[in-house]
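J.: Below are the sequence and a predicted model for it; my questions follow.
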Amino acid sequence: MRKTMAIATLLGASALLAGCGSSGGLLGRARPDEFAVQRQAPLVVPPDFALTPPQPGAPRPNDTSAQQQTLDALFGGPAPRSEVEQATIGQAGAAAPGIRSAVGDPQTHTVAKGALTRDIVAAPQGDGREAQAVIPG
């Protein structure tokens, strides 16, 4: 009788303890990420009721993303340039519109940097095990 009571108590305690796990049931369900939610801009009545309605699926014109709002709060808008900076940029002149695509062009003229730079540029690719450096002099 005592063995039966001890075994029944042990089984009941293990069943109660197994219920504390989070492997299933209501507590084990997938929940949405509460930090991924962003606020929507409040609804505003436009002052002019003759406005055209927005196109379906088009982004809202006054709604900015949470990332942009964070950047604006941290760094503010673009800072105005000082007179010295504007004068320097004015003297330097504007870059050609396609300058980035013309840099790798073979017809682009560059300043000769000497034999050492030419040797470095013409060196074979590798992990450096076979690389050798000879310093003339």
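T.: Thanks, I have the structure now.

J.: how near is the residue nearest the centre of the chain to residue 41?
T.: With distances taken as C-alpha atoms, centre = their mean, residue 67 lies nearest the centre of the chain, 9.5 Å away. To residue 41, residue 67 is 15 Å away according to C-beta to C-beta, to the nearest Å. Every C-beta, even on glycine, is put in place using the N, C-alpha and C of the backbone.

J.: which helix of the chain spans the most residues?
T.: Ranked by number of residues, the top helix in the chain under DSSP state H is helix 2-18.

J.: any idea which helix or strand carries the spatially closest residue to residue 40 that is not a sequence neighbour?
T.: Among residues not flanking residue 40 along the chain, residue 63 sits closest, at 7.4 Å (C-beta to C-beta, 6 or more residues apart in numbering). Following DSSP states H and E, there is no helix or strand that holds residue 63.

J.: where does residue 110 sit relative to residue 70, distance-wise?
T.: Separation of residue 110 from residue 70 (C-beta to C-beta) stands at 42 Å.

J.: tell me which element residue 119 falls in.
T.: Residue 119 is located in helix 115-121, with elements delineated by DSSP H and E.

J.: which residues are contacting that helix?
T.: residue 136 (C-beta atoms under 8 Å, 6 or more residues apart in numbering).

J.: Show the average pLDDT along it.
T.: Summarised as a single mean, pLDDT over helix 115-121 is 82.
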